[in-house]
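Asker: Sharing a model prediction with you, sequence too.
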Amino acid sequence: MKQIKTAKEMLEQIEKDFFKEVNLSEASKLEGGELRDFRLAQVERLLTEEHGSATLAIQLSDMFWTADEGRKIAEKPNPLTSLQGQQTLMDEEMSRLRLILDVAGLCHDMILHFKFDLKEAFGVKNDFWVTNKQLVEWLTTTAYERIAMHTAYIMKKFAISVYEYGHYQPAQDELAELYSTEYHELVRDPDRTKIPPRAYVKTIIDALQQIERHWQRGRRLKLRPDLVMLHDEIYGVVPRLFDKGVLAAAQALYDYMDKELCGRLVLKEYNYNATSWNDQPESVRRTTTEVLNRFADKVREVRAEYLSEDWVTDDSLSFSYLMAHAQRCGSGLWREEDDAQ
Amino acid sequence: MMSSNRGDYASASEWISVLRQDEAWLSQQQRLMASAATDVSTHRDDAVRRIGKGETFEFWEIYGHQVEPVISEVWEIAELSLPKLKIQAIGMLSMEWIEQQTPAGFSLQQQNVVEKLKPIFYGQIEDARAFLVSIQGMKPTQITDKVNQLVSERKISDMSKHRDLWKVLHDCGIYDKSESNWNMQVK
């Protein structure tokens, strides 16, 4: 029968496997900036060193938690995560364990790409958005390059989720398929990239900043968010400028959507319990198709009036983006900035 | 018309199943069916452009050009918007359709070579295909003998028999000798 280790034995095993030659006893007495530096140095090392095919960071995280967000205790028995087990440890052993859990926790969040407390981890403002200058400064200058890569990747994932929630699909897709033209490679998970660390971080930060700048430019021009999105959807990407002609086309669509489309797909017969589109009543499917076909005709009309040939063709990504926007508008997801006020 | 709302679909399989009945794919399929064999490379290029160079393309290569598992993977990652995924899926369905039309035994790469040989064979795709099949496994001098024969039969363009033809066969690894060698052998 497999012997279950005691808490003390487990602690010693972990120290041997993950913290050899690290004086955890001394380190557990550190505070403030010194403690932060120690923690970062350990996480950087664990993110870099591998045993087998996995980094030590993921192996250490797996000792305690599942891969879910929120540090859920792993199912396999570990006396170090139970109160009973911890109560068998001496004070000095508990101090070492607390430090190990601190380091392992940051490893968990980094390697699995969950947001974490930036103030505690880096001593910067706790905000993963690219407008956080302290964070950007830290990431682009730190010697902890693996940490910087993983954090930048978390920023990218966070931005994708924000843009998805806000229905800003050109931005969502640009980040989802972010590509380094310099290194001819997709910007993947840091553990699967050949892009050098500084360049990796820069590629992500640059992309996030460009999208943010474009959005802020739209705000300065007092353009409504739906209008900015329509403009960019016509482009099919997040452009780096606002084109007058494209804005005119976007405005024509905006006006149509405002008057003729908003809320038209909020139907009494809509079945909110349906698990698929085919389970919706035929009347819902018919009305939706009719309303969206009318919008498609409007897109073609605007295309002919305002745009050059080959723009927003029926089979283009732009056309798909506009149809998706129309569907949301029809469902009442329109001018959401008014609801936010 | 397909919903662009992920919540309207129980799974990736359901989404792809709905896409196969959607007007966007059906009209693309009509275009493919109505086009001539000479348009294959244009449609293929268009399909590749739609698929793009992102993770979808990588999964496409990993799964040997099978649409369903690729969509399942990308759906699971849940970072791409549905409009973008739809465009990519139509690209993959187009490639699936094109590859199903490719003559049995001809790989995609071989079909690409046939497309490049076609203008050298006065636009006759069947002659280009037959030539490619006939030179499989031939030694260099046997290949150049075959070319000379086809030039005399006026199946290969006299103007294209040197550099143009050499380059196609050299680039795909069928003829590994130099251009000078080729020019010495091809009269």
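Answerer: Nice, I can see it. Here the structure is a predicted model, which means the values were calculated and not measured.
Asker: tell me the contacts of residue A:171?
Answerer: Counting by CB atoms under 8 Å, 6 or more residues apart in numbering or on different chains, residue A:171 touches A:159, A:163, A:211, A:215, A:232, A:238. Heads up, the C-betas are built off the backbone N, CA and C, glycines and all.
Asker: Okay, now the unreliable bits of the chain?
Answerer: With no chain named, the answer covers chain A. A:1-3, A:340-341 (pLDDT under 70).
Asker: wrong chain, I was asking about chain B
Answerer: Low-confidence segments of chain B (pLDDT under 70): B:36-38, B:102-108.
Asker: And it, what are its domain boundaries?
Answerer: Per automatic domain parsing, the domain ranges recorded for chain B read B:6-101, B:108-185.
Asker: what's the neighbour count on the residue lying closest to residue A:295 once chain neighbours are set aside?
Answerer: Leaving aside its sequence neighbours, residue A:295 sits nearest to residue A:326 (CB to CB, 6 or more residues apart in numbering or on different chains; 4.3 Å). Counted with other CB atoms under 10 Å in any protein chain shown, residues neighbouring residue A:326 total 28.
Asker: Looks like residue A:326 contacts residue A:262 (just checking).
Answerer: No - the criterion here is CB atoms under 8 Å, and residue A:326 misses it with residue A:262 at 10.0 Å.
Asker: still on that earlier bit, looking at the contacts of residue A:171, which two lie furthest apart in space?
Answerer: By the measure CB to CB, A:159 and A:232 form the most distant pair in the contacts of residue A:171, at 15.1 Å.
Asker: between those two, which one's more packed in?
Answerer: residue A:232 (26 against 23).
Asker: How about the contacts made by residue 112?
Answerer: You didn't say which chain, so I picked chain A. A:61, A:67, A:69.
Asker: I was after chain B.
Answerer: So residue B:112 contacts B:41, B:44, B:172 (CB under 8 Å, 6+ apart).
Asker: Okay, it and chain A: tell me how far apart.
Answerer: Distance from residue B:112 to chain A, counting by CB to the nearest CB, to the nearest Å: 22 Å.
Asker: List phi and psi for that residue.
Answerer: phi -60, psi -40 (degrees, to the nearest 10).
Asker: Kindly report the same for residue A:65.
Answerer: Torsion angles, degrees, to the nearest 10, at residue A:65: phi -130, psi 160.
Asker: who in chain B is up against chain A?
Answerer: Contact residues, chain B versus chain A (CB under 8 Å from any CB of the partner chain): B:1-5, B:8-10, B:14, B:18, B:24, B:27-28, B:52-55, B:58, B:79-84, B:86-87, B:90.
Asker: Show me which of these are buried.
Answerer: Using 16 or more other CB atoms under 10 Å in any protein chain shown as the burial test, the residues of chain B next to chain A include B:1-4, B:8-9, B:18, B:24, B:28, B:52, B:54-55, B:79-84, B:86-87, B:90 as buried.
Asker: Next step: those restricted to strands.
Answerer: Among these, no member is found in strands (DSSP state E).
Asker: rewinding a little: among the contacts of residue B:112, who's most crowded?
Answerer: Highest neighbour count within the contacts of residue B:112: residue B:44, with 19 neighbours (other CB under 10 Å).
Asker: where does that one fall, helix, sheet strand or coil?
Answerer: helix (DSSP: H, G, I helix; E, B strand; the rest coil).
Asker: which residues touch the nearest residue in space to it that is not next to it in sequence?
Answerer: Once flanking residues are discounted, residue B:44 sits nearest to residue B:98: 5.7 Å by CB to CB, 6+ apart. Contacts for residue B:98 (CB under 8 Å, 6+ apart) come out as B:32, B:40, B:43, B:44, B:47.
Asker: between those, which is nearest residue A:26?
Answerer: residue B:47 (61.8 Å).
Asker: For the residue nearest to residue B:44, pull up the helix or strand it's in.
Answerer: Here residue B:98, judged by DSSP states H and E, is contained in helix B:82-101.
Asker: Over to residue A:321?
Answerer: Assigned by DSSP H and E, residue A:321 belongs to helix A:317-330.
Asker: So what angle separates the directions of that helix and helix B:82-101?
Answerer: With axes from the mean of the first three to the mean of the last three CA atoms, to 10 degrees defining the directions, helix A:317-330 sits at 140 degrees from helix B:82-101.
Asker: for helix A:317-330, packing partners?
Answerer: Here helix A:317-330 touches helix A:169-176, helix A:225-235, helix A:282-306, helix B:82-101, going by 3 or more CB pairs under 8 Å, 6 or more residues apart in numbering or on different chains; DSSP states H and E.
Asker: quick one on the thing from earlier: in strands, which of the contacts of residue A:171 fall?
Answerer: Per DSSP E, those never map to strands.
Asker: So which of these belong to helices?
Answerer: A:159, A:163, A:211, A:215, A:232 (DSSP state H).
Asker: got these as TSV, with distance to chain B columns?
Answerer: Listed next are these as TSV, based on distance: CB to the nearest CB, whole Å:
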residue	distance to chain B
A:159	11
A:163	9
A:211	14
A:215	17
A:232	12
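Asker: Let's have those in JSON lines, adding distance to residue A:185.
Answerer: JSON lines is the format used below for those (distance: CB to CB, whole Å):
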{"residue": "A:159", "distance to residue A:185": "20"}
{"residue": "A:163", "distance to residue A:185": "22"}
{"residue": "A:211", "distance to residue A:185": "20"}
{"residue": "A:215", "distance to residue A:185": "27"}
{"residue": "A:232", "distance to residue A:185": "25"}
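Asker: Do a quick rundown of the helices in chain B.
Answerer: Taking DSSP H as the criterion, chain B carries its helices at B:12-20, B:23-34, B:40-51, B:55-62, B:67-77, B:82-101, B:108-117, B:125-134, B:140-152, B:163-171, B:179-185.
Asker: I appreciate the help and will end here.
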